[in-house]
Each structure stands twice: as C-alpha cells, then as structure tokens.
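A.B. asks: following is a predicted model, sequence given first.
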Amino acid sequence: MEEKLPTVMMRVSRYLPGEEKPHFQTYEVPYRRDMVVLDALNHIKEKRDPTLTFRWSCRMGICGSCGMNVNGKPVLTCESFLKDVLRREILVEPLGHFPVIKDLVVDIEDFMRKLEAVKPYLIRDQERPLGAGEYRQTQEEVDRFRQSSLCINCMICYAACPVYGEDASFLGPAAAALAYRYNVDSRDQGAGKRLPAVASATGVWECTFVGECSTACPKDVDPGAAIQRLKLLSSIEVQKRVLLPSILR
Amino acid sequence: MERLSHDVILVGGGGAGLRAAIEAARTRPGLDIALLSKVYPMRSHTVSAEGGLAAVTKGDDNLDLHAFDTIRGSDFLADQDAVEFFVNRAKEEVVQLEHWGLPFSRDPDGTLASRAFGGMSVKRTLFAADRIGFHMLHTLFQTSLKYEEIHRYDEWFVTSLLVSAGKVMGVVALDVKTGEMSIVLAKAVILATGGAGRVYEFTTNGVVKTGDGMAMAYRAGCALKDMEFVQFHPTALPGTGILITEAARGEGGHLKNSEGDRFLKNYIPSKMELGPRDILSRAIMTEIKAGRGIQGPYGQYVHLDLTHLGSTVIERKLPMVKELAENYIGIDPIHEPIPVRPAQHYFMGGVSTDVHGQSPLGGLFAAGECAAVSINGANRLGSNSLTECLVFGAEAGRAAAVHASNAAAPNPPEAQALAKQEEERIYHTFLKQEGGPGVADLRARLRHTMEEYVGIYRTEEGLLRAKQALAGYRGELGTVTVEDKSRTFNTDLLGALELDWMVEVADCITTAALARRESRGSHSRTDHPKRDDTNYLKHYLVMKSNEGPILKDQPVTITRWPPQERVY
C-alpha cells in the first residue's frame, strides 16, 4: 500500500475586485519540516490552483515582496516555516491595514507616497566633487544609521501598527525609520527639509509607542526606537528654527 | 488603447535601470523619463547581491591589474577595450554611490574598506557587510525619488518593443493591477531587465529573472552575444539555491569535502578558495562525482567552513550569511560548517551592445546583466557585476539622453496596429488557449532540461537532446493553458508570457553551446575539454530567423593582453 505522506491544511483568503468581501479556500498540501509558507503557496499555485495570486521574488528574505498575515500575524512568508506556524488549518491572509487588490496582493501606493515625502536621500548644501573622493566616515558613524538602513519596505510594520490601522494618514514606521536613517547620517544636512513630513500632525507624534512595529519587523530595524529618537531630533530642529537665525542652523 | 509618450523609457528598475534613469535625468534636466518595472523597483534582484563591488581605490592596486584579472577570469573572451573602459570608470561610480549615501563598510581611517574576492589578485571589492546589493538597490531607488524627471510605472509589465522603420519607438506594456494595455512611445528605450536564471532548475536567482529584455530584443532583430556562457556559483544552499556569498571565502572561509579535506589544493593550489567561480564549481562537482561529497536530502554537497573565523568576523562582516544559515537550515556558521553546492547564478551573455549601451538597433540600449558589452567573456569575476550595472547603466543613461534630445518625437503610424496585434497575442491567444499543459508544468520541464543538458557540463549528445526538447516546448506553448482568466493581477498569464521568453532564451543558449566545440570559462564541453583559440577565439552572436536561431561570429577585441593559457 502506498505510504501516506504528511499533509497540512492551508486556509487562504481569496478576493477578486467586484466581490463584496474576501472568502476562504482550503487546500491540502504536502508537509515537510523544511517547507516555508511561501513554498506551500507555490505548491498550490503550481499543482492545484494557478489562479491563486500573491507576490514573491527572492525567497531569501531580502526583496520584501512576500509579506502576508499568517495565523493573524504579519510575517515574511519565505522566512516562516510551516513547522513553526502549524495548526489544524494554517490561515493565510493579505497584510492588514492595506486595500486588497486580489487574493493576497495588497495596494502599497500609500507607503510609496510617504516614502517619497520624507526625502529618503542624502541632502547636502554643497555636493562634494567626485574627484575629491568619498566622504570619510568612521565605522561608529556608519553604525549610527546602519540598523535603520536595513529596512526592506516589506510593509509588515504597517500591518502590525495599530495607529496606522486606525488612521492611514499616519506616516508610519518604515517611512519614519528611513527619515531617521538619513537624519543621523554624518554626510547628511537635510534634517530640516524632512521636518514637514516627519513632525506634521500626521508625523511621528501620532505614534503612541506600543512598539508592535519593532516586534514584527523581520529585519530588526527597530522602527519604534527610530520614531522615538526622531521625536527628540524634531524637537531640537524645531527649537533651532525658533531660536536661531537661519545662518546658524 | 491608451497612448503615453516620454523621451526615454527604462525597462527594469534594478541596479542598472535605476542608475541609467538617474544619469539620463542628470544629463538632460527636464527630459521626460519613464521607468517601467514589472515589480516595485526595490524588489529587483540586485537586492540579493551580497559580497561587494569591485573598483581600484587602494594604493596597492592599479587599473591594469583589474583589467588583467577580469580578462584572465573571462578566459580571454572579454573585449579588452570594453574592460579598459570599465575599470577606468569604476572608481568614479563607486564614489558617486557613496555620495548618494550607501553605507559602505569602512577602514579605521574612514575610507572605504575592501575585501578579497575570487580571481581578483588584490583586495579591491568594496562592501557593506554582506548586503551590498540590497544597499545599492535601495540607495539608487531612494536617490531616484529626487528627480522629477523620472516617472515610475511600478508593476507595469512590458510585453514587446515597438519597432518601426528599423528603429525602436517605444514599448507595449500591461498594467499588472488592471490588466489594461498601453502604448508607451519614446525616442530611446533602455533595457535593464537582468538575466534569465529561472530557465535553470537550481538557481540563486529570484522568480523575476526570466530573460524578458533579452527575448524582446532578440525578437526585435537584435543579436544576443555570448549566450552559451552561464555562470554557476560554487556556494548555494542545497534545496533552495539561496546564495551564500563569495565574501565568506574572501574573509577566509574554507571549502571541505566529506573527508574534511580542503580539496581545492588539488585543483587550484595558488588561489584555493579565492579561485574564479567556474573552476571552483567544477572542482566541487568533481569531488562529488569522486564520492567525496556529503549526502543530504537534496543530493550531494560539500562544506563551507567558517568556524575558524570567529564570531566577531562573522557577525560584523557576514551577518547575512549567518542570518540565512540560521533561518533557512538551522545552522549557526560560528559553530558548524554550511552545506553548499553550485547553482546557476549569472548570464555572461545578453543583448550585444557597445560601451555606451547602444545596440545595433536604432534607439535601443541595454545595460547590466541583460547586456553583453562584453567585459565578462566566458566567466565573470565576482563583484564585477554590480560595478558593471553602475558603469554601463550610467553610460547607457547618458547616451540615451543625448540620443533622445536629438530625435524627433516618434509617431509611428503602425503603433496602433502593432499594439493591437500584441493585445491579440496576449488576451485572445494566450488567455484563451485550452487543452495544453499548465504554465507551471511546462516551465518545470524546461528548467529540468536546461539543468540536465545545458548546465555545468555539456556534451554534443546532451545539447542535441535539449534542442529537440526545446522544439517540443515551443510547440506546447501554442496550447499552454492559463487558468486564471481575470484581468486583475493575473500572475498566471504573466507566467505564460515569461515562459514564452524563457524558451526563446534557452534556445539561444543551447544553440551557441552546441556550436562551441571547446571548453572555455564557464562553458565546459566534456567531449571537447580543451580551449581552442584557433577556431573559437570569437563571440557568437545569436540572431533570430524563420528557421530558428542562427549564429554569426564576432572577433574578440584584444588590446594589450594577448591570449595565454589561463593558469592560476
């Protein structure tokens, strides 16, 4: 008699535009200890149901495409092993707090606008000529912004953030972390220019510091801490504006 | 169908595409640049590069040395004028990237730190721990947001080039979110779509690497060059193909067989773990065939041992290696060796261009992995490819901007008809076909064929089998069945379109590999084990014809380094 291989049940959220609300579809897929949730989804797409739709690319935790809610928790599915999320039915849903385009694909245009708003690039009063070589930076100076530069834009922190869930106008963790990343780079002089986006009514002051973003972040960026430090930096920057003539800022 | 118009179009938003877009904007401020990418730019596969990027920046190094290392690494098939152009521009591009904020790792004096890399005779690989590709991609993407000239079309899938009167005048593209197709006209089009690693079964490449630009250029009448040269990276995790960077060896890691022996002493004793990738990949396969591999659930492998490096080196310089090994196979490289085996990694070949990224087709440019200039010849050295994206991305951006400034706005009368044809092909042919294999099924067979017969080792017999199988797959494409019939985010349909391109690219690789009856660099014919400069010191250009791919010869440009035996 043929040996029955172990299987696992995947309960997956399905949605097509025009439908009133998402529904669930359950698939039985083979189970191996070294399979991640993304492998199970790909098994469904390749062997069972080619219409199941989700984003993925690198399947090594760096491209940031495959974030989804697994058993209610936002994770990178390429890093989440079935063995660690195993239960009667593994629940796979699109990342929360974003409009759903189809099945597990969400619309992240809101984040793309916020990213642009914080001016995530080095701002200099004067560019150094290329012939003069690189800016000198000690490893300690690199280490000040290194952690917040590791954001892969996977949107998991937004799906975890209760403030963003309540009010989508909130700047949110990843965009704030990237503003912080440039503000504390010794090569940058643009903190003042980032201030409007960062310190506005929908900026970092909205954050109530529940820290869900830092707990959920798969890359240890700690956006929560970055936001708290941004609050401090923004206060200083605002005070400078009030107290100092522009030439001294 | 909507008709959009820009000055310059970028197809692809990875390292080369973003660099090109920025340079086009800087060259001619006010130019209208469109960046179309089938994924959000920060998802592009540049993100997965780990080790570093090569440039001459240190006192113990010089440009001729970088050039010679690259040429010897290429098994003397690189065009030497292109290599000289490349090494000359490399430093400026690296400094530019630093000025844009890339968090390079630093020496104690605050200058850029460098590390050893395979085939490089001095430490010239600049790095950011072991996440250079990730940082390069995000630095370029974030910097591109500064430029009002750049209009992004994120998740727009380009389906073909618009060619009229022997010139490229734009593209036809599909907005993935809505399924709507548009004509996007432009005076210049730059292809920066990366390689086609997904035609192989076991690859380090992400799912986006399906040869899109190569196939579109080929279909538009452009030649593809050096397609038979496919790089296999020596160290990927068995099963998944996840890349374990060469930097692990650059920092002192050892490769060991089942007997715990550093077997490379029998293959390349002068370089050991810092030998070039083609030689190391073959050495690993030879050890495995000789019974000195280690058996695992996904076949035989060897060990990459970092345990002697200590936790400080691993945590500071190789944090991603540690993260990948821990997360994906539950191994802490500080205490245990990592199982590794070779996996497809990179295409030396691509759209034939000059050093300005210009293809022979008017208005069409290409840069990065999808192009062949050729600086990589028969084997690329690790850490040259990211620099290549920068140097030739910038150059293509500059050249395309100049070209666009001097050209009239295209208004090809046949654009509408060509676009209609394309809509017909996609929505009335691919989407309506019935009764054939599913996309995943046919794709799996294609990838298996390439792995089996057009992989690290090749023979006449195997290549002929591959050719025959590919002809069959091409036939099956005519009935391949897309089950998802919706217009919204139809990844089943996009998979079918990509598969169509993959079969095309696979055929080009196989055709050139069959013709090249010698072994050179990554192309290893067991039935012709020696390099043969008398007959094969030349590039093959693959061109499309009604009878399938045909080959033309192109001489290799030799400037100052006459071919010699490739010894290390």
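C.D. replies: Received, thanks.
A.B. asks: what about the nearest residue in space to residue A:146 that is not next to it in sequence, neighbour count?
C.D. replies: Take residue A:146 and drop its neighbours on the chain: the residue closest to it by C-beta to C-beta, 6 or more residues apart in numbering or on different chains is residue B:103, 5.7 Å away. Where you see a C-beta, it was placed from the backbone N, CA and C, and this is true even at glycine. Counted with other C-beta atoms under 10 Å in any protein chain shown, residues neighbouring residue B:103 total 23.
A.B. asks: just checking, residue B:103 is part of a helix?
C.D. replies: No: under the criterion used here (DSSP: H, G, I helix; E, B strand; the rest coil), residue B:103 is coil, not part of a helix.
A.B. asks: torsion angles phi and psi at it?
C.D. replies: Residue B:103 adopts backbone torsions of phi -80, psi 70, taken as degrees, to the nearest 10.
A.B. asks: residues in contact with it?
C.D. replies: A:142, A:145-146, A:149, B:128, B:135 (C-beta atoms under 8 Å, 6 or more residues apart in numbering or on different chains).
A.B. asks: one more: residue A:96?
C.D. replies: A:69, A:74, A:159, A:165.
A.B. asks: quick check: which element contains it?
C.D. replies: Residue A:96 belongs to no helix or strand when assigned by DSSP states H and E.
A.B. asks: let's verify residue A:239: helix, strand, or coil?
C.D. replies: At residue A:239 the chain is in helix, as set by three-state DSSP.
A.B. asks: mind checking pLDDT for it?
C.D. replies: The model reports residue A:239 with a pLDDT of 80.
A.B. asks: same thing with residue A:200?
C.D. replies: You'll see residue A:200 listed with a pLDDT of 88.
A.B. asks: now the buried members of the contacts of residue A:96.
C.D. replies: Neighbour-count burial (16 or more other C-beta atoms under 10 Å in any protein chain shown) applied to the contacts of residue A:96 gives A:69, A:74, A:159.
A.B. asks: ok, residue A:106 - contacts?
C.D. replies: Contacts for residue A:106 (C-beta under 8 Å, 6+ apart) come out as A:94-95, A:98-100, A:155.
A.B. asks: for chain A, give the residue positioned nearest to chain B.
C.D. replies: Chain B sits closest to residue A:136 of chain A, with a gap of 3.2 Å, by C-beta to the nearest C-beta.
A.B. asks: that residue against residue B:112, yeah?
C.D. replies: No: between residue A:136 and residue B:112 there is no contact under C-beta atoms under 8 Å: 9.7 Å.
A.B. asks: these two: which is more packed in?
C.D. replies: Neighbour comparison, residue A:136 and residue B:112: the larger count goes to residue B:112, with 24 against 14 (by other C-beta under 10 Å).
A.B. asks: and that one, how far from residue B:125?
C.D. replies: Per C-beta to C-beta, to the nearest Å, residue B:112 is found 10 Å from residue B:125.
A.B. asks: how many neighbours does residue B:86 have?
C.D. replies: By the criterion of other C-beta under 10 Å, residue B:86 has 28 neighbours.
A.B. asks: can you check residue B:60 too?
C.D. replies: Residue B:60: 10 neighbours (other C-beta under 10 Å).
A.B. asks: and the pLDDT at the residue of the stretch 151-300 of chain B at minimum distance from chain A?
C.D. replies: Residue nearest to chain A within the stretch 151-300 of chain B: residue B:206 (4.0 Å; C-beta to the nearest C-beta). On the pLDDT scale, residue B:206 is placed at 97.
A.B. asks: swap in residue A:244?
C.D. replies: 69.
A.B. asks: and the gap between residue A:219 and residue B:11?
C.D. replies: To residue B:11, residue A:219 is 29 Å away according to C-beta to C-beta.
A.B. asks: these two: who's more crowded?
C.D. replies: More crowded of residue A:219 and residue B:11, by other C-beta under 10 Å: residue B:11, with 28 against 19.
A.B. asks: OK, contacts around the more buried one?
C.D. replies: With contacts defined as C-beta under 8 Å, 6+ apart, the neighbours of residue B:11 are B:17, B:36-37, B:158, B:171, B:189-193, B:212-213, B:216.
A.B. asks: do that again at 7 Å, thanks
C.D. replies: Residues near residue B:11 by C-beta atoms under 7 Å, 6 or more residues apart in numbering or on different chains: B:36, B:158, B:171, B:189-193, B:213.
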